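**Student:** With the sequence up front, the predicted model follows.
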Amino acid sequence: MPASNNGHVSLFSKLFWWLPFGAVPEVTARALSTSLKANAGRPQILDVRTRDEWKGGHIKGSVNIPITELRARLEELDFDPEKPVVAICLSGHRSRPAVRLLQISGYQDIRQLSGGMIAWRGLRLPEKNGG
């Protein structure tokens, strides 16, 4: 997955990172599934749904920090900012702000799962239940 922001973050993204609409870089469920199977270049997965949603089914290896807590808990995120990150929510609305927040925090290659877990589940891709 190539770098998504080339070191440039728009003024809009800086001021209105929390908006749940607008364009952000994306990856499809099928492409994410393929990259998760690769030995090299595996993306780090940030699931911004609620804890209960996450426990009900999530992508193996994902880290759960709800979008409502992400800004305050950003330092807890033990991700490498130079490696790919994919933000996930149910449909793609909560992951948009996560993408913007990580971009303005210095992450180089951050995108959202297009269609969220709805798209993932639509392809019957594997999920892990529980915490």
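**Tutor:** Perfect, I can see it now.

**Student:** Make sure Gly92 is actually in contact with Met117.
**Tutor:** No - the pair Gly92 and Met117 fails to qualify as a contact (C-beta atoms under 8 Å) at a distance of 9.4 Å. C-beta coordinates here come from the backbone N, C-alpha and C atoms, glycine included.

**Student:** Which residue is the nearest non-sequential neighbour of Ile59?
**Tutor:** Ile45 (5.4 Å; C-beta to C-beta, 6 or more residues apart in numbering).

**Student:** And for that neighbour, the neighbour number?
**Tutor:** 21 (other C-beta atoms under 10 Å).

**Student:** And the helices in this structure?
**Tutor:** 11-15, 29-37, 51-55, 67-73, 95-104, 116-122 (DSSP state H).

**Student:** List the contacts of the last one.
**Tutor:** Right, the one you point to is helix 116-122. Contacts to helix 116-122, defined as C-beta atoms under 8 Å, 6 or more residues apart in numbering, come from residues 28-29, 32-33, 49, 57-59, 88-93, 95, 113, 115, 127.

**Student:** Now with 10 Å, please.
**Tutor:** Contacts with helix 116-122, where a contact means C-beta atoms under 10 Å, 6 or more residues apart in numbering, come from 28-30, 32-33, 47-49, 53-54, 56-59, 87-95, 113-115, 125-127.

**Student:** Any figure for the gap between the most centrally placed residue in the chain and Arg111?
**Tutor:** When the chain is reduced to its mean C-alpha position, the nearest residue by C-alpha atoms, centre = their mean turns out to be Ala87, at 0.5 Å. Distance, Ala87 to Arg111, using C-beta to C-beta, to the nearest Å: 7 Å.

**Student:** any common contacting residues for the two?
**Tutor:** Once C-beta under 10 Å, 6+ apart is applied, the residues that Ala87 and Arg111 both contact turn out to be Val24, Glu26, Val27, Ser95, Val99, Leu102.
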